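# Output the structure for:
(chains A, B and C)
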Amino acid sequence: MSALLKTVNLERTFGAVTAATDINVELNTGEVVGVIGSNGAGKTTFINMVTGYIQPSSGDILVRGKSIIGKSPRDVSLAGVGRSFQVPQLFQELTVLENMLIAFGFSVDRKLSFLKPLRSKEKVEKAHAVLREYEIEQYAEEVVSTLPQGVRKLLDIAMAMLAEPGLMLLDEPTSGVAIEDKFLLMDTVMAAVRKSDAATMFVEHDMEVVLRYADRVLAFYDGRVLADGPTQTVLSDAKVQELVVGHHLDLSENEASTSKESAHVRT
Amino acid sequence: MKRPLLTAATVACAMTTGAMSLNVYANEEYKLGLVTFLSGAASGPFGIPAKNAADLVIDAINDGTLPAPIEGKGIDGRMITPVYVDEAGGATKQTSEFRNLVERDGVDAVVGYISSGDCLAIPAVAEELKMLTVLFDCGTPRVFEEADYEYVFRTHSTASMDNIAAARYVHENVPNLESVAGINQNYSWGHDSWRDFTETLKVLRGGDIEITTEQFPKLFAGQYGAEISALQVNSADVIHTSFWGGDTDAFVLQAAARGLLADNQVIFTAGETALNSLGEHLPDGAIIGARGPFGPFAPESELNTWFQTEFTERFGTPPTFPAYHMAHALIGLKLAQDKAGVGASTEEVITAFEGLEFDGPGGRVEMSRGKGHQAATEMVYGRLKRVDGEITFTDITRYPADCVNPPEGAETVEWIKAGMPGAECN
Amino acid sequence: MKTRSLALLFVFGLVVIAGGLLLPQWMSYLFTIAMGKGLVVLGLVLLMRAGLVSFGQGLYYCVGAYVAGMLTQFVGVTDILVIMLASVAVSVAIAAIIGLLLCRYREIFFAMFSMAFSMILYGLLVRNQFLGSTDGFNVANPSLLGWTPGAEASSDLVLIVAVFLVIVLGAVAWRYLKSLSGYAGEAVRENEIRLEYLGGSVFRVVYVKYIIAAGLAAIGGTITALVSGHVDPEMAYWTTSGEFVFIALMGGTAHVAAPIVAAVLFEALRTYAFAVSPYTWQMILGFALLAIILFMPSGLWSLVERFQNKKARKTS
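Down below sits the predicted model:
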């Protein structure tokens, strides 16, 4: 069985600047991968290439064995790659429910209907069910621009997940979210993700989050993959600690993450 | 739709406010709709002079102070009350306003229209509403060539007359005429003028005339640098232009500065309106037309003297051809009404108007074309000459009506190309 | 749509038609023109809800009018149904081609490009002597399925057809705005990137709306041509398109009825401005627009929404 995602010698340059180079990564169903690295290390470039937002200068990206080079973000989404955004990309002046209904219409129904009303009873119920799962149901009738960042992030992720992508990319899911809410948010998100059996890759600056939720870590530095392996291994690696993480991380979260790992393996 | 009642109410309110203004007109007034350009580029050279002439002549008719043979006070024994409408907004808007004049304001007749577009759209509505309408200034020959109208009259010649006469004038007065060039505005007036001029000239010269260049700048372009260069490079014996208004002013100033006017003969078919503002820039020898026997070309008469004196005194400038056109339309209407008698029906006035021959400040008007609905007058051209700072004219040639107007029933372009059969010139 | 609302709408349509026929001729004429313009603005509103302001609807308005004119005057076809179909078909065909280029642009570029295309048509018509150049030409009276009304009755015929079309197309548009396509417009306006990532095609959404707007504009142009009996290139001039935008701003984009009501009010306002101040009527219109922009930026329909106690929702 081919890997869900495979990048081969992926490279991207912007003029004289090499944003990413020699990226060879493989991802399989069910994996949860944390992507770390300081700003400018190449993480966002990598995500943008994998979701079709920018094209690599050389190399190949294969989703389920098929190349997605040259495909637009739309085609990449239809190929089963979902993405959430660092700054939630939502329909600001519409309500949460309307956002969900539109997402349903495009991701799930995939038919541009002209006369069938968007707000049918069953669609609304389905939308509510999803909102409930993400624990934001009470905001259904609120206009998005009035909501706190955490709610917007959850909505952003919920909308991306609707199409049941095989691969879900989360771009800094907890950034801008209050510290005490970070774990709550990630619990909700990861629960939904695990239910769908999607492979997940999330970019994070918060190492606590990475430790707690990722099985595997990709560490970027200076446009290259510095390390790729199980969370504990990568985070205790000397080079990674020197260039990316720093030495202050408390790795005694060991037990919690291991039990999560085994729990995951069982499902 | 939510709250259809509310929408209905909103619409109904809008309509009712309109209905409430429906006037019941007093029978002692003769309400006259007057449509002319009160705003926009055509108002300066045409619309306002016409309106001024209307005010002057209407007051004179009401007071009975017009010289003989025009007599009696008012029209049909009633005092004239003008209802002015701005001709701006395009033909669709004007048909709408025409209906308002007839149905909302209840006018007895309508005199108006400078734009050819309006003159083509209004007659159909006038016929439908059975409203006596006198077109007073537009140039297109198409009105009575394309259809017959019972309720519509035009008391001045078409613009084709201007250009047929222009061709005759240059043919007769420009020695060794071999080539012509043209600069005309890029719309129907400009295109039709140039076409009538060149087609007539081809017939008169037996095809032996060269067109060096034809320029069609955008209406109201204002900048003619490229066109003037083209005219200088492709020099011709005569340059023809039907420019009017601000375009004439701009063109003359720019052309004079570059020596185009000094080096070339130019014929301005509608140049009379610019004489007042541009006098000193127009060189001696420039050939000027006034769309008929108007302004400086009007024949001597008591009526013309009265018109010139009163107009200049009241408005500060002498009357130009739009003013004359308006005077003719009003006087024609009055005389037709007088001939039909007090209390006559519209149809009786129409019968009196058909084929009417009368004298206005610009001389004789014969309603001899378009089955008695379209006028034919003589056309006059002269060369500008400044004498002691005063504008005078030399080499004035008068072309009789039957020389330069296509005969009854003829279509202008066909008539010209056929060699102008039946033309009676001196 | 619920049968009760449908029935109500039908009755309302009959009332309006009856009212239109009973009004004095000059009023029902204005009303018919307003219905025509209202349809053009309805199309414009569909585009505005997607964040695109077209300054070139005059192109299709003029195409519709000229097709109607040419069929009646040169080909002798006067059946109003045939004329409508032909106008819409030609307009939609043109929009399908132009839209391939135009719908890739946004904001000021879209506005300018759309204006450019309408001015190209204007230029072509002005140069064309056969179609009367700037003078245009007259349009013969329409007929319906063999019945040829006289001159007066044909205005009534056009009025009835106009109101009928407004009601039907308005209802369809109302339904459309509640569908995914309709909402997609607002999604495009709010966040194109998101729509693409959801698997939606932004281009397709905009393209479809552009074509619909062109069809509506053609119908509006046909109505105007048939009731006024005249067409001229001025219909494609940018100021005509500007007038449609003016009306759209007057009414707002909140409801399908807004453009229709705004068109009626605009025609009424303009004709009164003409009557009240023949020298300065433009100023009255200018002040009216200024007042609306200052006090009711969501258009006149926001007054109706206040009545309904709706939360004022930004729709444009």
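# Mind telling me what element C:Ile120 is part of?
helix C:107-127 (DSSP states H and E).
# and if you look at A:Thr174?
Counting by DSSP H and E, there is no helix or strand that carries A:Thr174.
# give me every residue that touches the residue in the stretch 101-250 of chain B positioned nearest to chain A.
Closest to chain A within the stretch 101-250 of chain B is B:Ala121: 38.8 Å, counting by Cβ to the nearest Cβ. Any C-beta I mention is one placed from the backbone N, CA and C, and that applies to glycine too. Residues in contact with B:Ala121 (Cβ atoms under 8 Å, 6 or more residues apart in numbering or on different chains) are B:Ala91, B:Thr92, B:Gln94, B:Thr95, C:Gly136, C:Asn138, C:Ser228, C:Gly229, C:His230, C:Asp232.
# Near chain C, which residues of the stretch 51-200 of chain A? Just list them.
A:51, A:72-74, A:77-78, A:82-83, A:89-94, A:98, A:101-103, A:105-107, A:109-119, A:143, A:159-160, A:162-163 (Cβ under 8 Å from any Cβ of the partner chain).
# who are the neighbours in contact with B:Ala250?
Taking Cβ under 8 Å, 6+ apart as the test, what B:Ala250 contacts is B:Gly222, B:Gln223, B:Tyr224.
# What are the buried residues along the helix or strand harbouring it?
For B:Ala250, the host element (DSSP H and E) is helix B:245-257. Neighbour-count burial for helix B:245-257, counted by 16 or more other Cβ atoms under 10 Å in any protein chain shown, picks out B:Gly245, B:Gly246, B:Asp247, B:Thr248, B:Asp249, B:Ala250, B:Phe251, B:Val252, B:Gln254, B:Ala255, B:Ala256.
# With distance to C:Ala275 and pLDDT added, can I get the residues you listed in a markdown table?
Below are these laid out as a markdown table (distance: Cβ to Cβ, whole Å; pLDDT from 0 to 100):
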| residue | distance to C:Ala275 | pLDDT |
| --- | --- | --- |
| B:Gly245 | 27 | 84 |
| B:Gly246 | 28 | 85 |
| B:Asp247 | 31 | 90 |
| B:Thr248 | 33 | 91 |
| B:Asp249 | 33 | 89 |
| B:Ala250 | 34 | 91 |
| B:Phe251 | 37 | 93 |
| B:Val252 | 38 | 92 |
| B:Gln254 | 40 | 93 |
| B:Ala255 | 42 | 92 |
| B:Ala256 | 44 | 89 |
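# In those residues, find the pair that's most separated.
The span of those, defined through Cβ to Cβ, is set by B:Gly245 and B:Ala256 at 17.4 Å.
# element containing the closest residue to B:Thr133 other than its chain neighbours?
Excluding the flanking residues, the one nearest B:Thr133 by Cβ to Cβ, 6 or more residues apart in numbering or on different chains is B:Ala126, at 4.2 Å. Assigned by DSSP H and E, B:Ala126 belongs to helix B:116-129.
# now stretch A:201-216: mean pLDDT?
For stretch A:201-216, mean pLDDT is 90.
# Go ahead and measure how far that stretch is from the middle of the chain.
The chain centre lies 11 Å from the centre of stretch A:201-216; the measure is Cα atoms, centre = their mean, to the nearest Å.
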